[in-house]
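S.K.: have a look at this fold, sequence not included:
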């Protein structure tokens, strides 16, 4: 199993550009989530999904969209990037629909918005 | 403000010493989890303790949970240089909310 994979590893955007961060898992996990990590702020939950077709907001959802058309994939879209979205983004998944089980994290995407 | 607050923010010890990190939280939880993050890497799960448990062990790790004080501690015994990392607590809120909320983390440096 590849586990949780994220692409790209690094990305530089200009203010106002859009992009999609990809996340995929091959463990047949129902629960997937996106976090951002900023220095001194720990990890903050952006959006999460308890299964295909179901998504919900986390702590900091503004400026981000998600969709879950398949169990395996959970892309995160930035519609109009802002410098405040410069961060490291982590995708995670877990067995079961509640999200209360052990989370498996991807390696992260480091995003810089100029 | 965040659900989990960790203390201390940074900790520096000598190899062989014990390291203790504390986590406090604000609302009722279903479980509390501890994760480790090596510099520039993703997080790795260490241990999960449920709200009806008071203590769990895993190798050199010991986790306690006091729901009356809304706090947890992670003890790493006989630390090694390889334990150098950031450690995060994360709480899963009661009521099947689907949200796992992380604290700000403790950065541990173990000097050889």
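M.R.: In hand now; what should we look at? These numbers come from a predicted model, not from an experiment.

S.K.: from here on, just use CA atoms for contacts and neighbour counts.
M.R.: Fine.

S.K.: tell me how many other residues crowd residue 13.
M.R.: No chain in the question, so chain A it is. Number of residues near residue A:13 (other CA atoms under 10 Å in any protein chain shown) recorded here: 17.

S.K.: wrong chain, I was asking about chain B
M.R.: Other residues near residue B:13 come to 17 when the count uses other CA under 10 Å.

S.K.: quick check, residue A:70 in contact with residue A:49.
M.R.: No: Residue A:70 is beyond contact range of residue A:49, at 10.9 Å (criterion: CA atoms under 8 Å).

S.K.: what is the neighbour count of the residue in chain B positioned nearest to chain A?
M.R.: Closest residue of chain B to chain A, CA to the nearest CA: residue B:104 (3.8 Å). Residue B:104 has 26 neighbouring residues, counting by other CA under 10 Å.

S.K.: how about it: what's its closest non-neighbour residue?
M.R.: Sequence neighbours aside, residue A:42 is the residue nearest to residue B:104 in space, at 3.8 Å (criterion: CA to CA, 6 or more residues apart in numbering or on different chains).

S.K.: got the contact list for that neighbour?
M.R.: Applying CA atoms under 8 Å, 6 or more residues apart in numbering or on different chains to residue A:42 gives the contacts B:88, B:102, B:103, B:104, B:105.

S.K.: which of the residues you listed sit farthest apart?
M.R.: B:102 and B:105 (8.1 Å; CA to CA).

S.K.: what's the mean pLDDT across stretch A:7-21?
M.R.: Across stretch A:7-21, the average pLDDT comes to 97.

S.K.: what residues are up against residue A:72?
M.R.: Applying CA under 8 Å, 6+ apart, one finds that residue A:72 lies in contact with A:24, A:25, A:26, A:28, A:29.

S.K.: JSON lines for those residues, including distance to chain B and pLDDT?
M.R.: Below are the contacts of residue A:72 laid out as JSON lines (distance: CA to the nearest CA, whole Å; pLDDT from 0 to 100):
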{"residue": "A:24", "distance to chain B": "15", "pLDDT": "98"}
{"residue": "A:25", "distance to chain B": "14", "pLDDT": "97"}
{"residue": "A:26", "distance to chain B": "17", "pLDDT": "96"}
{"residue": "A:28", "distance to chain B": "17", "pLDDT": "93"}
{"residue": "A:29", "distance to chain B": "14", "pLDDT": "93"}
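
S.K.: narrow the residues you listed to those in helices?
M.R.: Per DSSP state H, helices hold no members of the contacts of residue A:72.

S.K.: top of these by neighbour count?
M.R.: Comparing these by number of neighbours (other CA under 10 Å), residue A:25 comes first, having 25 neighbours.
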